[in-house]
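Participant: Got a sequence here, can you model it:
(one chain, ligands or ions: 1)
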Amino acid sequence: MSEHTLSPETLTVSPVDAEGDDRFHDECGVFGVYGHTDAGALTALGLNALQHRGQEAAGIVSFDGRQFYNERHIGLVGDNFTKQAVIGRLKGHRAIGHTRYSTTGAPVLRNVQPLYAELAGGGFAVAHNGNLTNAQTLQRKLQDRGSIFQSTSDTETIIHLVAMSAQQSFVDRLIDALNQLEGAYAVVALSEKKLIGVRDPLGVRPLVLGDLEGTYVLASETCALDIIGARYVRDVEPGEVVVITKNGIQSLKPFEQTPNHSRFCIFEYVYFARPDSSVNGTNVYSIRKRIGEELARESGVDADVVVPVPDSGTPAAIGYAHEAGLPFELGIIRNHYVGRTFIQPTDSIRHMGVKLKHNANRAMLDGKRVILVDDSIVRGTTSLKIVQMVREAGAKEVHMRIASPPTRDSCFYGVDTPEKSKLIASRMTIEEMAEYIKVDSLAFLTIDGLYRAVGEAGRNGEVPQYCDACFTGDYPTPLTDRSGAGEIRQLNRLVEVS
Ligand code: AMP
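Facilitator: Residues are numbered from 1 along each chain as shown. The predicted structure follows:
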């Protein structure tokens, strides 16, 4: 073991660690802090605030000037990173952390980030939010040259490329690696001397910079700065690399092909980000309310009450009710002790999940003409059950209004969506969907309406201002792994049984 190595006793292997998982998926939240005595604890708090971005697993790597300490656990941040013993093991003044989104397939500990590697120049830990669209193609090439992959996470590709780079410093090696990658990424990385934050050239996924009494903090969203009392400084810019050392912060714009426009994920505004976060200085909740107002202007209907599908439909329903001049009522109550429906692995469990999660509040629905507002329809499971529930509670009419355009295409940039064939809007017209979910009327926000809500005049078809591929199929980067550019090997043959 060299002087700067991963302390083996701190690598906690969870008993839940089960089968392998053949997909690349990294829908997540990231956090990093440099130069604070409580770096490990601050990172745990930050990850707590980012829990909505990933509920499957979480990890923290800290560095105390001599050794790296790595704690990775399957499960929620609050279940694993509140114990004094765990935080106590994360020694040092610098740390990075990661929460991982749950998708189908069993959680596998070796995929849990941050990933750590002993490289020629020293220890290196990396955590990544987003999804790389050529990682499998690169992995195949690296394997052909002898690389041994330990996980099925696309983030490991970054480590291998850093390891093989001919550049000298970690920053240059990381830039060299990222220059070879396509897709979306917000990365935090920790070397022995530096905390590094990077956003991909299109800035698809968010990353913000904060300040805690002179200590720099990086986080996916501003809500993670709020929880530790850090001041929001600014968003890390698309294509920017920030390097934080004991001497302060340095900003680089090194990418060979940084376009002069960004393509931030518009779905962060619709659903993914927490409503109390700000993106580019704009509060997400306010945008969701504006989305609801646009929706009311575009597809108003005679009704008695506006009811959100909680929680994701609530801000848009408030905006809708305000614009339509209708009462807003909590006609559906959500049980907060069950996770997001979407994460359930099979259809039958997902169907039960909706009933576990929501219950009709009959007093607000009986005899009423109800406008139901939700942020999106993915497979249609939630809408189908909710509409049935609302009708059983006595609603006279049910009008469904969706605060985004129909989701017709999968996301390959870090938001977990099922394959296209499972997206109800890719298989049915709006009329067919209305019939399927059994509503009196169904309307979606138009793509221009969504752009108006985020402050644009409309969607610029020539150079769209956001990534809206899930609504338009217009993917802003090549999808090399999917284009059949190379044969993709089975990613994982190992089933971990203990
Ligand atoms: P579904 O039941 O499959 O139609 O899913 C629709 C519900 O899932 C909506 O209430 C959304 O709030 C929520 N949702 C949409 N996109 C996602 C996502 N990527 N992850 C988790 N939940 C989502």
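Participant: the longest strand in this structure is where?
Facilitator: Longest strand of the chain, by residue count under DSSP state E: strand 122-132.
Participant: And the residue of the stretch 51-200 of the chain found nearest the ligand, how far from P201?
Facilitator: Per CB to the nearest ligand atom, Y101 is where the stretch 51-200 of the chain lies closest to the ligand, at 7.7 Å. Every C-beta, even on glycine, is put in place using the N, C-alpha and C of the backbone. Distance of Y101 to P201, computed by CB to CB, to the nearest Å: 23 Å.
Participant: now the residue of the chain most remote from its centre, what's its secondary structure?
Facilitator: Within the chain, the residue lying farthest from the chain centre (CA atoms, centre = their mean) is G367, at 39.4 Å. Here G367 is recorded as coil under DSSP: H, G, I helix; E, B strand; the rest coil.
Participant: just the one 4 residues further on next, same as before
Facilitator: On the three-state scheme (three-state DSSP), I371 is labelled strand.
Participant: That one pairs with what?
Facilitator: V306, H399 (DSSP bridges).
Participant: Can you give me the distance of it to V33?
Facilitator: When distance is defined by CB to CB, I371 is 44 Å away from V33.
Participant: try V61
Facilitator: Going from V61 to V33 by CB to CB gives 12 Å.
Participant: what's the weakest-modelled helix or strand in the chain?
Facilitator: When each helix and strand of the chain is scored by mean pLDDT, DSSP states H and E, helix 347-357 comes last, with a mean of 67.
Participant: Just after that helix, pick out the following helix or strand.
Facilitator: strand 358-360 (DSSP states H and E).
Participant: Could I get the buried residue list for that following strand?
Facilitator: Judged by neighbour count using 16 or more other CB atoms under 10 Å, the buried positions of strand 358-360 are 358, 360.
Participant: ok, and what's touching the longest helix anywhere in the chain?
Facilitator: What stands out as the longest helix in the chain, according to DSSP state H, is helix 284-298. Helix 284-298 has contacts (CB atoms under 8 Å, 6 or more residues apart in numbering) with 268-270, 273-278, 315-324, 373, 375, 401-404, 443, 445-446, 449-450, 452-454.
Participant: any idea how far H399 is from R369?
Facilitator: Using CB to CB, we find R369 at a distance of 7 Å from H399.
Participant: what are the phi and psi angles of L119?
Facilitator: Main-chain torsions, L119, degrees, to the nearest 10: phi -110, psi 170.
Participant: That one contacts V162, doesn't it?
Facilitator: Yes - if you go by CB atoms under 8 Å, L119 and V162 touch, sitting 6.7 Å apart.
Participant: Show me which of these two is the more surrounded one.
Facilitator: Taking neighbours as other CB atoms under 10 Å, L119 and V162 compare with V162 leading, 24 against 15.
Participant: which stretches of the stretch 301-450 of the chain form helices?
Facilitator: Counting by DSSP state H, counting those that start in this stretch, the stretch 301-450 of the chain has helices at residues 314-324, 347-357, 381-392, 424-427, 430-437, 447-453.
Participant: mean pLDDT lowest for which of these?
Facilitator: For the helices of the stretch 301-450 of the chain, mean pLDDT drops lowest on helix 347-357, to a mean of 67.
Participant: got any ranges where this structure has weak pLDDT?
Facilitator: Applying pLDDT under 70 to the chain flags residues 1-26, 102-107, 257-258, 339-354, 484-498.
Participant: hmm, try it at 90
Facilitator: 1-27, 55-56, 101-111, 150-154, 255-261, 279-281, 335-357, 416-418, 482-498 (pLDDT under 90).
Participant: Close to the ligand: what parts of it are there?
Facilitator: For the chain, the residues in contact with the ligand (CB under 6 Å from any ligand atom) are 271, 309, 312, 340-342, 374-383, 415-417.
Participant: Just the buried ones among these, please.
Facilitator: With burial judged by 16+ other CB under 10 Å, the buried subset of these is 271, 309, 312, 341-342, 374-383, 415-417.
Participant: Q150 - how many residues pack around it?
Facilitator: Q150: 12 surrounding residues under other CB under 10 Å.
Participant: give me every residue that touches it.
Facilitator: 110, 156.
Participant: and this structure, what are its domains?
Facilitator: 2-263, 286-453 (automatic domain parsing).
Participant: ok now the last one, how far from the chain's centre?
Facilitator: When you say that, I think you mean domain 286-453. Domain 286-453 sits 21 Å away from the centroid of its parent chain (CA atoms, centre = their mean, to the nearest Å).
Participant: That domain spans what distance, first to last residue?
Facilitator: 9 Å (CA to CA, to the nearest Å).
Participant: which ones are touching whichever residue of the stretch 151-300 of the chain sits closest to the ligand?
Facilitator: Using CB to the nearest ligand atom, the single residue of the stretch 151-300 of the chain nearest to the ligand is Y271, 5.2 Å away. Neighbour list for Y271: 312, 375-376, 404 [criterion: CB under 8 Å, 6+ apart].
Participant: beta partners of the residue nearest to E192 when sequence neighbours are not counted?
Facilitator: Among residues not flanking E192 along the chain, G122 sits closest, at 4.6 Å (CB to CB, 6 or more residues apart in numbering). Note on G122: beta-bridge partners L119, judged by DSSP bridges.
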